[in-house]
Structure formats: structure tokens, C-alpha cells
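Novice: return atomic coordinates for the entry below.
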Amino acid sequence: MIPAMDPKRMKGMMDKLGVKTTEINADEVIIKGQKNYVIKHPQVTVIDFQGNKSFQIVGEIEEKEAGVSAEDIKLVMEKTGASHEKAKKALEDAAGDIAQAILDLS
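Specialist: Next up is the predicted model:
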């Protein structure tokens, strides 16, 4: 168990080690991958140690399946004149990259 430490003393120790922290004001954080994670009302802290930055994010996490959105399909359809099915397939083939999907259909 870690004993309680005075925040000023902790900050002084971190400064001596070269660790700097910065708070970022954010409304939402999105992590995209096999699954998408949307973090609402996040508290984001950047930790800079010897030029390497890492992020600590705390908030309400919502997990979503990765895939193409209806808005993206509609945009590709409008820009290319493709059908819904062709636009969706092009987006899936392009891993959700709208510009690539448009180029592939053009």
C-alpha cells in the first residue's frame, strides 16, 4: 500500500525526474481499431518523460463495433453516384477511408 503523499512533494519529485504532466480539455476521445472506443466526459493527462509522451484517459467508456457509418456511405454515394451496396463495399474494402473509397469507385 502506498502511503499518502503531499501533492507538492510528489510534483517536486516528478520535476526532478523530468516528468511533466499537462491536462487537456477534451469533450470526447475516440480510439479506432477492431472495436471503437468512445470516451465521454474524459479527463485527459499528457505525461511527458524524456521526450516520450503518453496519455492517461479517464471517463465514461462506450464500446462500439467498428464499421462504416451511414453518413460515410451517403457521402460516397453522393460523390460517386454509386448505389448503397457499392458505396458500402468500397468503404469496407478501403477500411473506412472515404477518400480511398471514392477514388476506387471513380
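Novice: quick one: secondary structure of residue 29?
Specialist: Put simply, residue 29 is strand when judged by DSSP: H, G, I helix; E, B strand; the rest coil.
Novice: neighbours of it, how many?
Specialist: By other C-beta atoms under 10 Å, 18 other residues sit near residue 29. To be clear about C-beta, it is placed using only N, CA and C from the backbone, and glycine gets the same treatment.
Novice: and the spatially closest residue to it that is not a sequence neighbour, what's its pLDDT?
Specialist: Residue nearest to residue 29 in three dimensions, not counting chain neighbours: residue 39, with 4.2 Å by C-beta to C-beta, 6 or more residues apart in numbering. Listed pLDDT for residue 39 reads 95.
Novice: and the host helix or strand of residue 39, which strands flank it?
Specialist: With elements taken from DSSP states H and E, the one containing residue 39 is strand 35-49. Strand pairing for strand 35-49, determined by DSSP bridges: strand 19-24 (antiparallel), strand 28-31 (antiparallel), strand 52-65 (antiparallel).
Novice: now those strands in a markdown table, with distance to residue 73?
Specialist: Converted to a markdown table, these look like this (distance: least, C-beta to C-beta, whole Å):
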| stretch | distance to residue 73 |
| --- | --- |
| strand 19-24 | 32 |
| strand 28-31 | 19 |
| strand 52-65 | 15 |
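Novice: now these in JSON lines, with distance to residue 100 and mean pLDDT?
Specialist: Below are the strands paired with strand 35-49 laid out as JSON lines (distance: least, C-beta to C-beta, whole Å; pLDDT from 0 to 100):
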{"stretch": "strand 19-24", "distance to residue 100": "30", "mean pLDDT": "93"}
{"stretch": "strand 28-31", "distance to residue 100": "20", "mean pLDDT": "93"}
{"stretch": "strand 52-65", "distance to residue 100": "21", "mean pLDDT": "92"}
